[in-house]
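*Asks:* Here is a sequence together with a model predicted from it:
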Amino acid sequence: MVKVTDALLAAVLPYMDRFVTLQDKTTTYDSFGEPVDAWLPVASLIHLQCAIGNKAQRELDSTYIAQYKVERHEVTILIAGYCPQAQPTMRAVDDEGVIYDINQVTFDQTRTVTELLVRRVD
């Protein structure tokens, strides 16, 4: 990831027209004592301004192997801000209700933006 300066972030912010909330899995128990998994929003990671797009101009959208097309739905979510609490065990839900499993979390050198490499949950 490149070094993000304040000027670069200010230039990119208008294109960050989406919002995402990160959720963490928790286990609760029902009235019969059976475990029930639930995804709950992480308090400090709600309604984060972001841009959502396919990594490197959609190069991961599809890969052709022989005559078979293999779909890889890997998408990058670029969050405006440093989110050290973000973990690959979490998931992201965008402002349209689309759910993504987080595969990788990285930060720029100045800790100005957070990049999530995610896979859409169908």
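*Replies:* It's in.

*Asks:* Longest helix in the protein, by number of residues?
*Replies:* If you go by DSSP state H, the chain has its longest helix at helix 6-12.

*Asks:* then that helix to PDB, C-alphas only?
*Replies:* Taking C-alpha atoms only, helix 6-12 is exported to PDB below (Å, rounded to 0.1, in the frame of the first residue of the first chain):
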ATOM      1  CA  ASP A   6      -3.300  14.500   4.000                       C
ATOM      2  CA  ALA A   7      -3.500  16.100   0.500                       C
ATOM      3  CA  LEU A   8      -4.000  12.700  -1.200                       C
ATOM      4  CA  LEU A   9      -6.700  11.700   1.300                       C
ATOM      5  CA  ALA A  10      -8.500  15.000   0.800                       C
ATOM      6  CA  ALA A  11      -8.500  14.400  -3.000                       C
ATOM      7  CA  VAL A  12      -9.800  10.900  -2.600                       C
END
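
*Asks:* Report the distance from that helix to the chain centre.
*Replies:* 20 Å (CA atoms, centre = their mean, to the nearest Å).

*Asks:* partner strands of the next helix or strand after it, parallel or antiparallel?
*Replies:* Next along the chain after helix 6-12, taking DSSP states H and E as the criterion, comes strand 18-29. Here strand 18-29 is paired, per DSSP bridges, with strand 35-41 (antiparallel), strand 48-54 (antiparallel), strand 91-94 (antiparallel).

*Asks:* Can you list the neighbours in contact with the second one?
*Replies:* When you say that, I think you mean strand 48-54. 12-13, 15-22, 60-61, 74-81, 83, 94 (CB atoms under 8 Å, 6 or more residues apart in numbering). Where C-beta positions appear, they are placed from N, C-alpha and C, glycine not excepted.

*Asks:* try the last one
*Replies:* Surrounding strand 91-94, the residues in contact under the criterion CB under 8 Å, 6+ apart are 18-23, 25, 39, 52, 77, 99-102, 116, 118, 121.

*Asks:* The strands paired with strand 18-29: lowest mean pLDDT?
*Replies:* Averaging pLDDT over each of the strands paired with strand 18-29 singles out strand 48-54 as the lowest, with a mean of 88.
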